[in-house]
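Asker: Give me a model of this one.
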Amino acid sequence: MPETAPQPVRTLVPAGLVVAAGCLIAMLTFGPRSAAGFFLLPMSKDYGWGRDVFGLAIAIQNLLWGVGSPFAGAIADRFGTVRVLCGGAVLYAAGLVLMAYASTPALLHLSAGVLVGFGLSACSFNLVLAAFGKLLPERWRSMGFGAGTAAGSFGQFLFPPLAAGLISSVGWQETLIVFGGVMLLVMPLSLALATRGNAASAPRATDLPGQTIAGALGEAFRHPSYIMLVLGFFTCGFQLAFVTVHMPAFLVDKGISPAVGATTLALIGLFNMMGSLAAGALSTRFSRKWLLAWIYFARGVAIAVFVLLPITPLSCMLFGAAIGVLWLSTVPPTSGLVMLMFGTRYMAMLYGFAFFSHQVGGFLGVWLGGAIYEATGSYSIVWWLSVALSFASAVINLPIKERPVNRSLIRAA
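Answerer: Here you go, the predicted model:
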């Protein structure tokens, strides 16, 4: 039976307003965590910590962001999106404010790690993209995925220079408190993304009658293409988290000013807006698995060239532009493949498991960055590991079959 396009949940909010509110949420929630690297040196200096202490806190954040995402997605799929987004915003804000007073490693790990990590799992762009999949008509979806991802990138463009400026003018503690207050803006914005769970979703021709969460998970994890997609997404998280947290300190070690580090991360965010929008558009016209393979391959080349060339302000900015185009451009084809394979009914949860793999990579990228630096005094091993993972992910994505799961076989069984 041919696949029937998933129908959107009924909503009184115009599609344009849904996209605008979701993009603002993605921008606000992605911003502070993309500026985390600017708190590494001042906090470590004030409290006498090694970089491994701060690195472990952000590693925990990335891991719990991933751990919480499938559960937050399942709750949103079952009970609606607004409650999850509001709860996540409160946790995120509390974590940032407590981080401002975290004078011990344990408090840092609780605030920046546990609270911010679980907060992100419930209010970041993974929930926004899943809501887009439910609320937007078919012609808006690929554009919405690209726009939501690009909005997160704009947060990365906006917040690193903002953090650097605020830290130098008012201090790092006050900056964290300001960022915590900003997170509460997610709550009113979330009202535009209201969904009512599964009961509001229009059935699809290939849906299994009464499919449960357990059934959806079993179906996904027996599907080899989904497994390969999840494994490939690991590399994306490893690279993004390592660069976001350790790039500013890496450049200072090379004699580059913090302003150049802020500019480099801002350029990543700026060019990622273009890359994400382009990836969203290309995902509607070309093979998504080949698009992912080329993105991962190009990342490996960009990182290798950056490490091999002398580190100068110009090379940093060129690297920021190049890696920025490829930064979150993996998200539209990845989320699109999840929706193509399994539809929209459990999309938040199933994309959440793919995102968990992404965040396991993020945990290792941040943690290994700090641990290996403290052991060797250099980030070289982690840079080259990033290159190797890029090429491995390019290969892993090639066998993916771009078609809906064959539910007729499951019905027969």
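Asker: Quick check, residue 116 in contact with residue 92.
Answerer: Yes - counting by C-beta atoms under 8 Å, residue 92 is a contact partner of residue 116 at 5.8 Å. For glycine as for every other residue, the C-beta is placed from the backbone atoms N, C-alpha and C.
Asker: Which parts of the stretch 201-350 of the chain are helices?
Answerer: For the stretch 201-350 of the chain, helices defined by DSSP state H, counting those that start in this stretch occupy the ranges 213-221, 224-253, 258-282, 288-308, 313-326, 331-342, 347-376.
Asker: which other helices and strands contact the shortest one?
Answerer: Right, helix 213-221. If you count contacts as 3 or more C-beta pairs under 8 Å, 6 or more residues apart in numbering; DSSP states H and E, helix 213-221 packs onto helix 51-79, helix 331-342, helix 347-376.
Asker: Give me the nearest residue to residue 174, chain neighbours excluded.
Answerer: residue 166 (7.1 Å; C-beta to C-beta, 6 or more residues apart in numbering).
Asker: Excluding chain neighbours, what is closest to residue 85?
Answerer: Closest residue in space to residue 85, ignoring its immediate chain neighbours: residue 190 at 3.8 Å, by C-beta to C-beta, 6+ apart.
Asker: Just list the residues touching that neighbour, thanks.
Answerer: Applying C-beta atoms under 8 Å, 6 or more residues apart in numbering, one finds that residue 190 lies in contact with 21, 25, 81-82, 85-86, 89, 123.
Asker: Look up the pLDDT of it for me, please.
Answerer: For residue 190, the model assigns a pLDDT of 86.
Asker: Could you do residue 45 as well?
Answerer: The per-residue pLDDT reported for residue 45 equals 87.
Asker: what packs against the one helix or strand it maps to?
Answerer: Secondary structure assigned from DSSP states H and E places residue 45 in helix 37-47. Judged by 3+ C-beta pairs under 8 Å, 6+ apart, helix 37-47 is in contact with helix 51-79, helix 138-169, helix 172-183, helix 224-253, helix 258-282.
Asker: Okay, angle between it and helix 258-282 too, please.
Answerer: Following axes from the mean of the first three to the mean of the last three C-alpha atoms, to 10 degrees, one obtains 150 degrees for the angle between helix 37-47 and helix 258-282.
Asker: Compute the distance from the centre of helix 37-47 to the centre of its chain.
Answerer: Here the centre of helix 37-47 is set off from its chain's centre by 24 Å, with C-alpha atoms, centre = their mean, to the nearest Å.
Asker: now stretch 241-256
Answerer: On C-alpha atoms, centre = their mean, the centre of stretch 241-256 falls 20 Å from the chain's centre.
Asker: Give me the contacts around it.
Answerer: With contacts defined as C-beta under 8 Å, 6+ apart, stretch 241-256 is touched by 33-34, 36-38, 40-41, 51, 54-55, 58-59, 62, 156, 257-258, 260-262, 264-265, 268, 311-313, 316, 323, 361-363, 365-366, 368-370, 373, 379, 382, 386.
Asker: Quick check: pLDDT value at residue 99.
Answerer: pLDDT at residue 99 comes out at 93.
Asker: What of residue 344?
Answerer: 69.
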